[in-house]
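>>> Following is a predicted model, sequence given first.
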Amino acid sequence: PDTKQDKGAFWSGHKRFPEAAVFDTGNETHWMYQVATTALFAQMLGVVKPKQEGDDDFLKDWRNKEWCAAQVKTLVVPEYVAGAVNTEGDAATGGGAKTDSKDTLKALLSKLAAFKGKPLPALEEADFEKDDDANFHIDFITHCANLRAANYQIPTSDFQKVKLVAGRIVPAIATTTAAVCGLVMLELFKLVLGKPVSAFRTRQVGLAVNTYTSFEAQEPKALKSGVEKKVPKAEELPADAFDDKGALKPEYILEEKYVAYPEGHTIWDKLRVPSGTMKLGEFKDWLEKEHKVKLSTWGFVLGWKREEDENGKEMRIPYSTQIYPPPVVVDPSKLPPVTDSQADAMRKIMGDFAIPQPQKMQYVNAWKKAQQTGVMPSAGGGGSVKLDMSLKDILTLMEKKADAAMQDGTLWPKWGKAISGLAGRKFWVIPADQTPSCTTVYQGEPTDVRHMAKLEIPLA
């Protein structure tokens, strides 16, 4: 169901909210899943004889959508009742009444008691066989997987691909997966027992060569300030750039200082903003007074676009919108009439002393867009960031912009939005690679902050 509560904090980032499937007899995935499931249950219950080796015409009459449609007509689908959902700090939501799990268990046990003394029917076990294309085993797995893929809008798989993958699963589960699960549980026991970090181990399992290696957990990488040396290409340098031994002279090596803030921080560290009600201008001042870093620019990443390089390789490109400096809001009262020629409009804008010089080209572009669309920009710039906006309101605006970019196709669904599900959250974290661009004084010189810790902005 498409409810606000369902799309809470969990459904954010790359997690995709599922879409309920509506049965369609014209959809091959739907009717083939129905046929394959019916065939497997029919064999198990003894309604039809099990598939025999070499019988390629097994249940041939069932393998069409017309047969499936005829069977479905006789079925009564139970009405869906949403279960009660309780999120932190909220009342239970959903169409169903909230029930106690113990009461539910007692009700199920009472139903089972009615079958006491009654013998179970003889059931025919099915041995999984991937190499028999007519036994419905791979058909069931294929269409069951594709139904789930459609729920989450991810690519589906064909019969042959599923057959290939399924053939590898059983050996993998019996070997590597079993070993890894056991080793993970050992580490979980240490966590539950409150063991120190030094007691934990990273494991490397080599089943092919029968080697099992354990490593002590490494300390997280600490990011520190420093100087990056850039050596130009030899062909770009004059002959006198090299000494008698052929080594490049120090004066030709470019040095670029950079800062990590806080010094020595790791991926686990965060800068906690005092309040989400802090305005953008106050946030800028807070960075300068409390942390001695100056806010330069802030481009908020809404999500990621898809582009291809010259070789056709897929690239994940961040799509952002400007937060700081706040984008210029065009005052429509200062724009010339759209009936003016382009030359007249430019002359009026360039000669208008009420429009700051750095903003004149933005006014020209706004007039051109208005002339093309016939619509003047709205007064006040309702969708723009301002210095007196709170960080919480800015995040809400960014969420709306991300939703709009997803709907108009700007963002690629495969990677989703970078911000969503703010409702109900206690805070929002700006990842380290998306933090604002800042400068600070390092070794007596203004220097870019290359590595900045994550920002935690309270929402509650």
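That came in fine, so what should we check first?
>>> helix, strand or coil for the residue located most distally from the centre of the chain?
Within the chain, D244 marks the point farthest from the mean C-alpha position, 55.5 Å out by Cα atoms, centre = their mean. Judged by DSSP: H, G, I helix; E, B strand; the rest coil, the three-state class of D244 is coil.
>>> For it, give me its contacts.
If you count contacts by Cβ atoms under 8 Å, 6 or more residues apart in numbering, D244 has none. (C-beta placed from N, C-alpha, C; glycine too.)
>>> How far does stretch 196-213 sit from its chain's centre?
Centre-to-centre, stretch 196-213 and its host chain are 31 Å apart (Cα atoms, centre = their mean, to the nearest Å).
>>> scratch that, stretch 222-232
Mean-position distance between stretch 222-232 and its chain equals 31 Å (Cα atoms, centre = their mean).
>>> Please tell me how far the residue farthest from the centre of the chain sits from Y252.
Counting by Cβ to Cβ, to the nearest Å, the gap between D244 and Y252 amounts to 15 Å.
>>> what's near enough to touch K257?
Contacts of K257 were listed using Cβ under 8 Å, 6+ apart, and they are S225, G226, V227, E228, Y442, Q443, E445, T447.
>>> do L302 as well
Going by Cβ under 8 Å, 6+ apart, L302 touches Y319, S320, T321, M398, K401, A402, A405, L411, K417, A418, I419.
>>> Can I take it that A343 is in a helix?
Yes - counting by three-state DSSP, A343 is located in a helix.
>>> Please tell me how far it sits from P458.
A343 sits 52 Å away from P458, going by Cβ to Cβ.
>>> Am I right that M315 is in a strand?
Yes - assigned with three-state DSSP, M315 falls within a strand.
>>> okay, now it: neighbour count?
Number of residues near M315 (other Cβ atoms under 10 Å) recorded here: 10.
>>> and if you look at K454?
18.
>>> least trustworthy helix or strand in this structure by mean pLDDT?
None of the helices or strands of the chain scores lower by mean pLDDT, DSSP states H and E than helix 159-172, at a mean of 86.
>>> who does it touch, helix- and strand-wise?
Contact here means 3 or more Cβ pairs under 8 Å, 6 or more residues apart in numbering; DSSP states H and E; on that basis helix 159-172 packs against helix 137-151.
>>> Just the strands from this protein, written as ranges.
Ranges of strands in the chain, per DSSP state E, are 201-206, 211-216, 226-230, 254-261, 270-272, 294-308, 314-324, 427-430, 437-442, 445-452, 454-458.
>>> got a markdown table for these, with mean pLDDT and distance to D24 too?
Shown next, in a markdown table, are these (pLDDT from 0 to 100; distance: least, Cβ to Cβ, whole Å):
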| stretch | mean pLDDT | distance to D24 |
| --- | --- | --- |
| strand 201-206 | 89 | 45 |
| strand 211-216 | 89 | 51 |
| strand 226-230 | 90 | 58 |
| strand 254-261 | 92 | 55 |
| strand 270-272 | 96 | 47 |
| strand 294-308 | 94 | 29 |
| strand 314-324 | 93 | 31 |
| strand 427-430 | 96 | 39 |
| strand 437-442 | 89 | 50 |
| strand 445-452 | 93 | 50 |
| strand 454-458 | 96 | 44 |
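>>> Now that we have the ones you listed, can you turn them into a markdown table and tack on distance to F17?
Converted to a markdown table, these look like this (distance: least, Cβ to Cβ, whole Å):
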| stretch | distance to F17 |
| --- | --- |
| strand 201-206 | 34 |
| strand 211-216 | 39 |
| strand 226-230 | 42 |
| strand 254-261 | 36 |
| strand 270-272 | 27 |
| strand 294-308 | 15 |
| strand 314-324 | 20 |
| strand 427-430 | 18 |
| strand 437-442 | 32 |
| strand 445-452 | 31 |
| strand 454-458 | 23 |
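>>> What is the burial count for D344?
D344 is flanked by 12 other residues according to other Cβ under 10 Å.
>>> Now it. Nearest residue, chain neighbours left out?
Sequence neighbours aside, P336 is the residue nearest to D344 in space, at 6.8 Å (criterion: Cβ to Cβ, 6 or more residues apart in numbering).
>>> Do you know the pLDDT at the residue nearest to L422 when sequence neighbours are not counted?
Nearest residue to L422, sequence neighbours excluded (Cβ to Cβ, 6+ apart): E399, at 5.4 Å. For E399, the pLDDT comes out at 95.
>>> Now do the contacts for E399.
With contact set as Cβ under 8 Å, 6+ apart, E399 has these partners: I419, S420, L422.
>>> L387 too?
So L387 contacts K279, L280, G281, P326 (Cβ under 8 Å, 6+ apart).
>>> again, only using 10 Å
Applying Cβ atoms under 10 Å, 6 or more residues apart in numbering to L387 gives the contacts K279, L280, G281, E282, F283, K284, Y324, P325, P326.
>>> count of neighbours near A405?
By other Cβ under 10 Å, 17 other residues sit near A405.
>>> try R425
When neighbours are counted by other Cβ under 10 Å, R425 registers 16.
>>> what does H143 give?
When neighbours are counted by other Cβ under 10 Å, H143 registers 26.
>>> Skipping its backbone neighbours, what lies nearest it in space?
Distances taken as Cβ to Cβ, 6+ apart place Y33 nearest to H143, at 3.8 Å, with adjacent residues excluded.
>>> Figure out which of the strands of the chain is closest to A178.
Closest approach to A178 among the strands of the chain (Cβ to Cβ): strand 201-206, 10.5 Å.
>>> in its sheet, what does the closest one sit against?
Sheet pairing of strand 201-206 (DSSP bridges) gives strand 211-216 (antiparallel).
>>> Give me the buried positions along the partner strand.
Within strand 211-216, no residue counts as buried by 16 or more other Cβ atoms under 10 Å.
>>> V22 versus the closest residue to Q359 other than its chain neighbours, what's the distance?
In space, and not counting its chain neighbours, Q359 is closest to V328: 5.1 Å by Cβ to Cβ, 6+ apart. For V328, the distance to V22 equals 47 Å [Cβ to Cβ].
>>> Which one of the two is surrounded by more residues?
V328 (16 against 7).
>>> which residues does that one contact?
For V328, the contact set (Cβ under 10 Å, 6+ apart) comprises Q322, I355, P356, P358, Q359, Q362, Y363, A366, G381, S384.
>>> Could I get the phi/psi values of the second one?
This points to I355. In terms of degrees, to the nearest 10, the main-chain angles of I355 are phi -100, psi 120.
>>> That one against D331, yeah?
Yes - counting by Cβ atoms under 10 Å, D331 is a contact partner of I355 at 8.2 Å.
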